[in-house]
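Peer 1: Task: produce atomic coordinates for the following.
(one chain, ligands or ions: 1)
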Amino acid sequence: MDRKYLCSGIIVTLALALVAGCAGVNSLPGEENTPALTGDSIRLPEPRFESDLSVEEALRERRSVRVYAEVPPTLAEIGQILWAAQGITDERGYRTTPSAGALYPLEVYVVAGDLMGLPAGIYHYQPGEHILVRTAGGDHRAALQAAAVNQTPVGDAPATIVICAVPERTTVKYGERGMRYVYMEAGHASENVYIQAVAMDLATVVIGAFDDARIGEILNLPGNTTPLYIMPVGKQVPGGG
Ligand SMILES: Cc1cc2nc3c(=O)[nH]c(=O)nc-3n(C[C@H](O)[C@H](O)[C@H](O)COP(=O)(O)O)c2cc1C
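Peer 2: Coordinates of the predicted model:
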């Protein structure tokens, strides 16, 4: 082969290897299986950073609440809840919740009935852009309730947050112990949701009793994604417990 072509071939191969190497650094294990930004995407209102309630008051008032007002939360309130769960708070990509190795295994979904500004459907929260991407249309709350040992808050709430994880993002670095970190992170995210909910007169409860496989089917979760916590969210019933 002509030496000139051999040299340019080597340069092209090296350049491609370099590009592939850089791409590898930026993509998380399992990331390729997260829903793509294709279907309907809904930009959430910017989160607010002030509240009438102190953190101490919110901690004191936090309770698991299983009955919700009929009037649904606004899109801004749902957006605020999602931001509390996984919102990005730093230009380096750090979030409202800590994450072992900053590997961020959690993926948050919303199963909604008709809300103001949000048609019934299943949505995936994408923290980078603070948007919801619709992955399915229609009201799936009754199916979700059935998959959660028929717990009525899941079907009654206007919207339900499902905190899921792609464990391999964490276990690839920490091995078996990474699983523990993933569960801990779901705890951090859910407590943030509780506290944020109190600050907005919303109500929620963590639900751990459900059939993983059925939830995976309803949400059409990628095979590497597992549901960890279900959190129905609604407005507090005035004077209710
Ligand atoms: C890991 C875990 C799983 C839970 N699962 C459920 C559940 O499936 N259904 C439910 O109604 N509450 C569930 N809860 C909520 C507890 O019942 C609740 O936190 C407890 O009664 C204490 O009440 P409080 O949260 O108001 O302080 C769960 C809580 C935790 C921490």
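Peer 1: Ramachandran angles for the nearest residue to Arg169 once chain neighbours are set aside?
Peer 2: Using Cβ to Cβ, 6 or more residues apart in numbering and skipping residues adjacent in sequence, the residue nearest Arg169 is Pro105, 4.3 Å away. From N, CA and C alone the C-beta is placed, and that goes for glycine too. With angles defined as degrees, to the nearest 10, Pro105 sits at phi -80, psi -10.
Peer 1: Let me see the contact set for Pro105.
Peer 2: Residues in contact with Pro105, defined by Cβ atoms under 8 Å, 6 or more residues apart in numbering, are 99, 165-170, 181-182, 185.
Peer 1: near the ligand, which residues of the protein?
Peer 2: Residues of the chain lying near the ligand by Cβ under 6 Å from any ligand atom: 63-64, 66, 151, 205-209.
Peer 1: sorry, back to before: highest neighbour count among the contacts of Pro105?
Peer 2: Thr170 (28 neighbours; other Cβ atoms under 10 Å).
Peer 1: Which SSE is immediately downstream of the helix or strand hosting it?
Peer 2: Element membership of Thr170, judged by DSSP states H and E, is helix 168-174. Note on helix 168-174: by DSSP H and E, the next helix or strand toward the C-terminus is helix 177-199.
Peer 1: which residues are contacting that next one?
Peer 2: Residues outside helix 177-199 that contact it (Cβ under 8 Å, 6+ apart): 51-53, 55, 58-59, 61-62, 80-81, 83-86, 96-100, 105-106, 108, 161, 163, 165, 167, 170-172, 174, 202-204, 206, 228-229, 231, 233.
Peer 1: Also stretch 114-128?
Peer 2: 34-35, 37, 41-42, 72-75, 78, 82-83, 85-88, 95, 107-113, 131-140, 158-159, 218-220.
Peer 1: One more pass at 7 Å, please.
Peer 2: For stretch 114-128, contacts defined as Cβ atoms under 7 Å, 6 or more residues apart in numbering pick out 35, 37, 42, 72-75, 78, 82, 86-88, 95, 107-113, 132-140, 158-159, 219.
Peer 1: Val111 and His140 touch, don't they?
Peer 2: Yes: using Cβ atoms under 7 Å, Val111 is in contact with His140, at 5.4 Å.
Peer 1: if you count what's nearby, which of these two comes out ahead?
Peer 2: Neighbour comparison, Val111 and His140: the larger count goes to Val111, with 27 against 20 (by other Cβ under 10 Å).
Peer 1: on that earlier part again, please compute how far the helix holding Thr170 lies from its chain's middle.
Peer 2: Mean-position distance between helix 168-174 and its chain equals 18 Å (Cα atoms, centre = their mean, to the nearest Å).
Peer 1: filter the contacts of stretch 114-128 to the buried ones?
Peer 2: Buried residues within the contacts of stretch 114-128, counting neighbours by 16 or more other Cβ atoms under 10 Å: 35, 42, 72-75, 78, 82, 86-88, 95, 107-113, 132-136, 139-140, 158-159, 219.
Peer 1: Those in helices, which ones?
Peer 2: 75, 78, 82, 86, 219 (DSSP state H).
Peer 1: got those residues as a markdown table, with pLDDT columns?
Peer 2: Shown next, in a markdown table, are those (pLDDT from 0 to 100):
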| residue | pLDDT |
| --- | --- |
| Leu75 | 96 |
| Ile78 | 97 |
| Leu82 | 98 |
| Gln86 | 98 |
| Leu219 | 98 |
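Peer 1: nearest to the ligand, of the residues you listed?
Peer 2: Using Cβ to the nearest ligand atom, Leu219 is the member of these that sits closest to the ligand, with 17.4 Å.
Peer 1: I am finished for the moment; much appreciated.
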